[in-house]
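Colleague: Sequence first, then the predicted structure, then my questions.
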Amino acid sequence: MVFYLLCSIEHNKSVNGTYIGYTVLPGRRILQHNRFKKGGAHKTAKYAPWDMILCVHNFPNRTAGLRFEWAWQNPKVSVRLKMHDWCKKKTESGVQYQIRVLDKMLNTAPWKRLPLT
């Protein structure tokens, strides 16, 4: 199970130009997001083409991974993360914002105790 961050090549300045998801087959999933292969990925169609810019894996189980994904997508309401200021800075792109959230998550319990790569 891999959790990934996509960056829209044409819309990378906004938070809408990023997408966080999970898959067991990253190669197939990026083809779906870029409409080269059928299946899923309806939410991202209007922002294509996409680059898969980073992946996080080595979760102990599916539940831990899906909780991580939800917190990454919703840092303002996540119990583990809501104490931080999650306003997107005017100077940062959508990708920079998502990477800042990810960096904070990887240094916050319970995720900092996991062997994530």
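Modeller: Okay, I see it. Numbers count the residues shown, from 1 in each chain.
Colleague: Find me the pLDDT at the residue lying closest to residue 31 once chain neighbours are set aside, would you?
Modeller: When the adjacent residues along the chain are set aside, residue 31 lies closest to residue 37, with 4.0 Å between them (C-beta to C-beta, 6 or more residues apart in numbering). C-beta: built from backbone N, CA, C; applies to glycine. Residue 37 carries a pLDDT value of 83.
Colleague: Tell me the secondary structure at residue 37.
Modeller: Assigned by DSSP: H, G, I helix; E, B strand; the rest coil, the conformation of residue 37 is coil.
Colleague: How much space separates it from residue 27?
Modeller: Taking C-beta to C-beta, to the nearest Å as the measure, residue 37 falls 10 Å from residue 27.
Colleague: the more surrounded of these two?
Modeller: Neighbours were counted for residue 37 and for residue 27 using other C-beta atoms under 10 Å; residue 37 has more, 14 against 9.
Colleague: quick one, phi psi at the more buried one?
Modeller: Per-residue torsions, residue 37: phi -140, psi 140 (degrees, to the nearest 10).
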